[in-house]
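**Q** Just the structure for this:
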Amino acid sequence: MSFTNLVRKSFSYYLRRTYPFKPVITIPRYFHNSAVRYAEVQPSLNTLTEEEESIREAVAQYAQKKLLLKVTEMDEKEKLDPEVLKDLFEQGFMGIETESEYGGSNSSFLAAILVVEELAKVDPSVSVVCDVQNTLVSTLFRKYGNDYLKEKYLPRLAKDTVGCFCLSESEAGSDAFALRTRAEKKGDYYVIKGSKMWITNSAEADIFLVFANLDPSKKHKGITCFVLEKEMGVKVAKKESKLGIRASSTCTLNFDEIKVPESNVLGEIGKGYKYAIEILNEGRIGIAAQMIGLAQGAFDSALPYLFERKAFGNYIGEFQGMQHQYAQIATEIEAARLLTYNAARMKQEGKDFVKEAAFAKLYSSQIAEKAASKSIEWMGGVGFTREFPVEKFYRDAKIGSIYEGTSNMQLTTIAKLISQKYKV
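**A** Numbering: from 1, shown residues only. Model (predicted):
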């Protein structure tokens, strides 16, 4: 039975139950036509373009065949393998949205999200390296950079140079208003002094997008974004030893009166805070993708074990109590994925996606922790050892509720946007 006939039948049944006489209301022909057209042209949320599917498959193949072999060693050494970084550039994964004229793949935002997700299924540490490069650094140049800055930096970022996003400070995390890094205008250049903390990709980076305040009296309206290069004198200081995503570098950066040419101001003076907030909304979708990839990776690592080990004569995955658990986790991972893809597509379509990005990041980070934790439980003692990857996924998952906007900040954002609709 077609969708339209089903609707007609259900509607007629409702009228017969409600009114004992023959209904005079009929479904107009235009409804029939529009319903058929809708069914024909509206794709499912998981429908990808041919290009997006090709990119996803290329990343999955690389992650499973090459990256997987180096995950344990990188985690133990707490260092990204230079060959992995080289691979990311050579495969074209570091400039997904960047225009082809600058050496990028000229693909979609959703394609970038798919890259992050697929890498995270194998190593969330590597996925965040790619995520920051695509959703924060390159996007800032593409959106706010003038032709000079685009031509100078985008080809490097797509081909062989790592960039990092430098906003957080010791007293300026969720409260970006509190940043103390200063910029002072002197002739045709600026002097930058201060420090940044918890900066992802900082050990490998040569390009730094630094947010500094030109006029603290103007509060956030004095914050401006500057493009610094390592050779200008950026000092990479303490490298954090972390619970998870250990192959991804997180360092303190010091700026000791670094001279930056005025041509290296990204966008407009005093608009840095606006840029940071806008770009972090996009970045949160990237972190959501990292978390759903992580959750799926943990799930995929644990499930085969449930059908290899027996207890009381049956595979442990066949016990109803276990079936209900992994069915629940599979459902929640899919729900998180749909939230993430929806936010990504809304961003692509130019719609307001702030609430949806917050939904995606909040829920995906929760499900990543839950899926990784359950995966360890399902595998029992071996899941608690480093012989299997689920314990690493568990350690990696915790960061999802912290960086690029804590879970509490996402809840605050969601509540604020919801309350605006219902306040009188």
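**Q** C-alpha only now, for contacts and for neighbours.
**A** Will do.
**Q** Find the least confident helix or strand in the chain, judged by mean pLDDT.
**A** For the chain, counting by mean pLDDT, DSSP states H and E, helix 3-18 ranks last in confidence among helices and strands (a mean of 43).
**Q** isn't there a strand covering Cys164?
**A** Yes: going by DSSP: H, G, I helix; E, B strand; the rest coil, the assignment for Cys164 places it inside a strand.
**Q** what's the neighbour count on the closest residue to it other than its chain neighbours?
**A** Closest residue to Cys164 apart from its sequence neighbours, by CA to CA, 6 or more residues apart in numbering: Phe208 at 5.1 Å. Number of residues near Phe208 (other CA atoms under 10 Å) recorded here: 23.
**Q** my guess is Phe208 contacts Glu229, does it?
**A** Yes: here Phe208 reaches Glu229: they are 6.0 Å apart, a contact under CA atoms under 8 Å.
**Q** so what's Ser263 up against?
**A** Applying CA atoms under 8 Å, 6 or more residues apart in numbering, we find Ser263 in contact with no residue.
**Q** any idea how far Asp188 is from it?
**A** Taking CA to CA, to the nearest Å as the measure, Ser263 falls 9 Å from Asp188.
**Q** Just list the residues touching Gly270, thanks.
**A** Neighbours of Gly270 in contact, by CA under 8 Å, 6+ apart: Leu214, His220, Lys221, Gly222, Ile223, Thr224.
**Q** Can you read off the pLDDT for the third one?
**A** In the prediction, the pLDDT value recorded for Lys221 is 93.
**Q** now the closest residue to it other than its chain neighbours, what's its secondary structure?
**A** Closest residue to Lys221 apart from its sequence neighbours, by CA to CA, 6+ apart: Gly270 at 4.9 Å. Gly270 falls in the coil class when you classify it by three-state DSSP.
**Q** Quick check: which element contains Met209?
**A** For the record, residue 209 is Leu, not Met. strand 207-213 (DSSP states H and E).
**Q** Let me see the residues that make contact with the following helix or strand past that strand.
**A** Counting by DSSP H and E, the next helix or strand C-terminal to strand 207-213 is strand 223-229. Contacts with strand 223-229, where a contact means CA under 8 Å, 6+ apart, come from 206-215, 234, 260, 264-273.
**Q** Which residues in stretch 144-159 does the neighbour count mark as buried?
**A** Across stretch 144-159, burial judged by 16 or more other CA atoms under 10 Å covers Gly145, Leu149, Lys150, Tyr153, Leu154, Pro155, Arg156, Leu157, Ala158, Lys159.
**Q** Can you verify my assumption that the third one contacts Tyr144?
**A** No: counting by CA under 8 Å, Lys150 does not reach Tyr144; the two are 9.1 Å apart.
**Q** Please settle this for me: is Ile55 part of a helix?
**A** Yes: when the secondary structure is assigned by three-state DSSP, Ile55 falls within a helix.
**Q** List the residues that contact it.
**A** Applying CA under 8 Å, 6+ apart, one finds that Ile55 lies in contact with Ala111, Leu114, Val115.
**Q** and which of those is nearest Phe388?
**A** Distance to Phe388 across the contacts of Ile55 (CA to CA) is lowest for Val115, with 23.7 Å.
**Q** measure the closest one to Glu387 for me?
**A** Per CA to CA, Val115 is found 27 Å from Glu387.
**Q** So which of those two has more stuff around it?
**A** Using other CA under 10 Å, the more surrounded residue of Val115 and Glu387 is Val115, with 29 against 10.
**Q** so what's the more buried one up against?
**A** When contacts are counted by CA under 8 Å, 6+ apart, Val115 touches Ile55, Arg56, Val59, Phe93, Ser127.
**Q** Could you do Lys392 as well?
**A** Here Lys392 is in contact with Gly244, Arg386 (criterion: CA under 8 Å, 6+ apart).
**Q** Tell me how far it lies from Gly297.
**A** The span separating Lys392 from Gly297 equals 11 Å under the rule CA to CA.
**Q** How about Arg56?
**A** From Arg56 over to Gly297 (counting by CA to CA), the distance is 15 Å.
**Q** quick one: contacts for the nearest residue to Lys159 once chain neighbours are set aside?
**A** Spatially, and ignoring its direct neighbours in sequence, Lys159 is nearest to Phe89 (5.6 Å; CA to CA, 6+ apart). Contact partners of Phe89, counting by CA under 8 Å, 6+ apart, are Gly95, Ala158, Lys159, Asp160.
**Q** Tell me how many other residues surround the first one.
**A** What that stands for is Gly95. 30.
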